[in-house]
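1. Okay, predicted coordinates and the sequence, questions at the end:
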Amino acid sequence: MSLEKTSRSRVFVELVPWADRSQENNLVSGGETLPGLRRPLSAQGQTLTREVHVSGTAEVSASPDRAQVAVLVSSTKEAAAEAKKSVCRRLDYITQSLQQQGLQAENVTVTKDIRRVENAYHMEAEVCITFTEFGKMQNICNFLVEKLDSSVVISQPLFYHTPGSVENLRRQACLVAVENAWRKAQEVCNLVGQTLGKPLLIKEEEMKEWEDQIDDHQSSRLSSSLTVQQKIKSATIHAASKVFITFEVKGKEKKKKHL
């Protein structure tokens, strides 16, 4: 599954925490606070925990990893045996062709139905084929169109995502957002002469996903005229994640002098 990722990150920094942030602007010279107000944590002898807060976003996309095609074979004859023979002959040819192309049996499903139509018998067989290789799908469909008559109908491919691929896309979006946030936090610390420490909080604030679907009023009119590549694009899923991370900030480590 190919992933395309773009990143957008927003960073803000707090390097000195306060016991009461609302009183930050009430400091006077010398680090003293106005009467009745609390001092900074450093004035109270408490241990400082300096932090950098980073908000990062990322967007990834994935093309569909499966396609399904239905091949419909039908025949109408006065005798039931003749209808069956006509359908089964072409059905055997289709299944043998699929085996020769390397398709596994678990990816091919065959259903048969026979019924009376006035004074004749009508039999239908449907072959549902699941593809993981879209190039092979096009080659097989083209081959069947050339070799079989007009009584065999091949549907347009239906592209879709397996549940595992969608879950992997969501996870990838979150991981890329975390990576973007970490990289920005690292750059901020380098800029202000500090060392980035361990993460204190990692929170995914938002996860969105959507498809490149055609407008509803156009889908019925255009679905049959779309090319294979356009169908793949319309079934592509996008996922966007937004994370919030708090990192510990450490001072620059002093290099030891060698005697």
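-> That came through, no problem. Quantities reported herein were computed from a predicted structural model and do not represent experimental measurements.
2. Give me the neighbour count for residue 91.
-> By other CB atoms under 10 Å, 20 other residues sit near residue 91. Bear in mind the C-beta positions are built from the backbone N, C-alpha and C, glycine included.
3. ok, now residue 164?
-> Neighbours of residue 164 (other CB under 10 Å): 10.
4. Could you tell me which ranges of the stretch 101-250 of the chain sit under the pLDDT cut-off?
-> 213-224 (pLDDT under 70).
5. Please enumerate the helices of it.
-> 134-147, 163-191, 216-222, 228-234 (DSSP state H, counting those that start in this stretch).
6. Put together TSV for the ones you listed, with distance to residue 67 on each row.
-> Compiled in TSV, the helices of the stretch 101-250 of the chain are given as follows (distance: least, CB to CB, whole Å):
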stretch	distance to residue 67
helix 134-147	6
helix 163-191	13
helix 216-222	18
helix 228-234	8
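7. Quick one: closest of the ones you listed to residue 242.
-> Distance to residue 242, taken as CB to CB, is lowest for helix 163-191 among those, at 6.4 Å.
8. residues contacting the closest residue in space to residue 141 that isn't next to it in sequence?
-> Of all residues not flanking residue 141 in the chain, residue 154 sits nearest, at 5.5 Å (CB to CB, 6 or more residues apart in numbering). Residue 154 makes contact with 69, 70, 71, 72, 141, 144, 145 under the criterion CB atoms under 8 Å, 6 or more residues apart in numbering.
9. need those residues in JSON lines with neighbour count, can you?
-> Below are these laid out as JSON lines (neighbours: other CB atoms under 10 Å):
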{"residue": "69", "neighbour count": "19"}
{"residue": "70", "neighbour count": "16"}
{"residue": "71", "neighbour count": "24"}
{"residue": "72", "neighbour count": "14"}
{"residue": "141", "neighbour count": "19"}
{"residue": "144", "neighbour count": "20"}
{"residue": "145", "neighbour count": "12"}
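10. Just the closest of those to residue 249, please.
-> Of the contacts of residue 154, the one sitting nearest to residue 249 (CB to CB) turns out to be residue 69, at 56.9 Å.
11. What residues of the lengthiest strand in the chain count as buried?
-> Scanning the chain for the longest strand, with DSSP state E as the assignment, gives strand 194-211. For strand 194-211, burial by neighbour count (16 or more other CB atoms under 10 Å) applies to 194, 196, 197.
12. With only the CA atoms kept, save that strand in PDB.
-> Taking Å, rounded to 0.1, in the frame of the first residue of the first chain, the C-alpha atoms of strand 194-211 are listed here in PDB:
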ATOM      1  CA  GLN A 194      18.400  23.300  25.300                       C
ATOM      2  CA  THR A 195      18.200  19.500  25.100                       C
ATOM      3  CA  LEU A 196      15.000  17.700  24.400                       C
ATOM      4  CA  GLY A 197      14.100  15.100  27.000                       C
ATOM      5  CA  LYS A 198      11.600  12.300  27.300                       C
ATOM      6  CA  PRO A 199       7.900  12.700  26.300                       C
ATOM      7  CA  LEU A 200       5.700  13.400  29.300                       C
ATOM      8  CA  LEU A 201       2.300  13.300  27.400                       C
ATOM      9  CA  ILE A 202       1.300  12.000  24.000                       C
ATOM     10  CA  LYS A 203      -2.300  12.600  23.000                       C
ATOM     11  CA  GLU A 204      -4.100  12.200  19.700                       C
ATOM     12  CA  GLU A 205      -6.600  15.000  19.600                       C
ATOM     13  CA  GLU A 206      -8.300  14.300  16.200                       C
ATOM     14  CA  MET A 207      -8.500  11.600  13.500                       C
ATOM     15  CA  LYS A 208     -10.300  12.100  10.200                       C
ATOM     16  CA  GLU A 209     -10.600  10.000   7.100                       C
ATOM     17  CA  TRP A 210     -12.400  10.400   3.800                       C
ATOM     18  CA  GLU A 211     -12.500   9.200   0.200                       C
END
